[in-house]
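*Asks:* this is a predicted model, with the sequence first.
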Amino acid sequence: MKKTTAMAVSVFTAAALICIFYFGTKNSMVALDEGINAAWSEVDNQLQRRGDLIPNFVNTVKGYAAHEEALFTEIARARAKLAGGASVAEKAAGYSEMEGALSRLLVVAEQYPELRANENFLALQDELAGTENRIAVARKRYNDSVGIFNTKIRSFPASLFAGSMGFAPRAYFETGESARSLPRVEF
């Protein structure tokens with residue numbers, strides 16, 4: 001009888017520990033997943049802020065460089081792609097295109113000294129630079145959150161349960177090759 005009671009207590013204790021571990025693991029993965037969602041929301045907010053600034057910036061440059069219509073069209077297309085992106089990969093692709101187009105726009109603006117002296121242009125350029133810094137910080141926080149989450153769900157013993165709990169690796173927000181190359185503008 002004592003053996004049976006001891007065995008029942010052991011089985012109950014083992015089952016209780018497994019349940020505690022399982023639910024603790026699930027709760028920690030849910031918390032990490034929500035952290036990623038919050039970090040992504042901040043990236044999205046900053047991308048929206050940038051998207052709102054760009055038409056004003058483009059219109060300011062247009063007054064001085066009207067012959068750069070192809071560049072303005074490219075910026076509008078990249079902005080639409082960025083705004084319409086549903087996934088992290090689509091947003092990252094739109095971001096890369098926008099970054100490349102804006103770099104070329106800044107090179108064009110360098111060709112016009114009177115534009116560079118324009119107060120509206122300078123204020124918009126400062127706003128855009130500040131927004132770019134905010135995007136960089138938000139992207140880093142997002143990617144850090146994704147890294148922690150992906151490590152958690154791939155690490156033992158959480159990896160045993162992650163898939164059955166509905167957790168899968170999340171995508172990093174990475175820039176494309178176009179954002180890494182220097183812009184070329186020829187007159």
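*Replies:* Great, that's in hand.
*Asks:* quick check: T4 vs L17, distance?
*Replies:* In this view, T4 and L17 are 20 Å apart by C-beta to C-beta, to the nearest Å. All C-beta spots, glycine's among them, are computed from the backbone N, C-alpha and C.
*Asks:* tell me where the protein is predicted with low confidence.
*Replies:* 1, 176-187 (pLDDT under 70).
*Asks:* which residues are in contact with the spatially closest residue to S159 that is not a sequence neighbour?
*Replies:* Excluding the flanking residues, the one nearest S159 by C-beta to C-beta, 6 or more residues apart in numbering is I153, at 6.4 Å. Going by C-beta atoms under 8 Å, 6 or more residues apart in numbering, I153 touches M29, S159, A162, F167, A168, P169.
*Asks:* ok, so of those residues, who is nearest I75?
*Replies:* P169 (33.0 Å; C-beta to C-beta).
*Asks:* name the helix or strand for the nearest residue to the closest one once chain neighbours are set aside, please.
*Replies:* Distance criterion C-beta to C-beta, 6+ apart; nearest residue to P169, sequence neighbours excluded, is N150 at 4.8 Å. Assigned by DSSP states H and E, N150 belongs to helix 119-154.
*Asks:* how far is that helix from where the chain is centred?
*Replies:* Here the centre of helix 119-154 is set off from its chain's centre by 7 Å, with C-alpha atoms, centre = their mean, to the nearest Å.
*Asks:* list the buried residues in that helix.
*Replies:* 121, 124-125, 127-128, 131, 134-135, 138-139, 141-143, 145-146, 149-150, 152-153 (16 or more other C-beta atoms under 10 Å).
*Asks:* how far away is C19 from G94?
*Replies:* From C19 over to G94 (counting by C-beta to C-beta), the distance is 44 Å.
*Asks:* between the two, which one's more packed in?
*Replies:* G94 (22 against 10; other C-beta atoms under 10 Å).
*Asks:* correct me if wrong: that one contacts K81.
*Replies:* Yes. Counting by C-beta atoms under 8 Å, G94 does reach K81; the two are 4.0 Å apart.
*Asks:* could you list every helix and strand in contact with the one helix or strand A15 maps to?
*Replies:* Using DSSP H and E, A15 sits in helix 2-62. On a contact count with 3 or more C-beta pairs under 8 Å, 6 or more residues apart in numbering; DSSP states H and E, helix 2-62 meets helix 69-84, helix 88-110, helix 119-154, helix 159-162.
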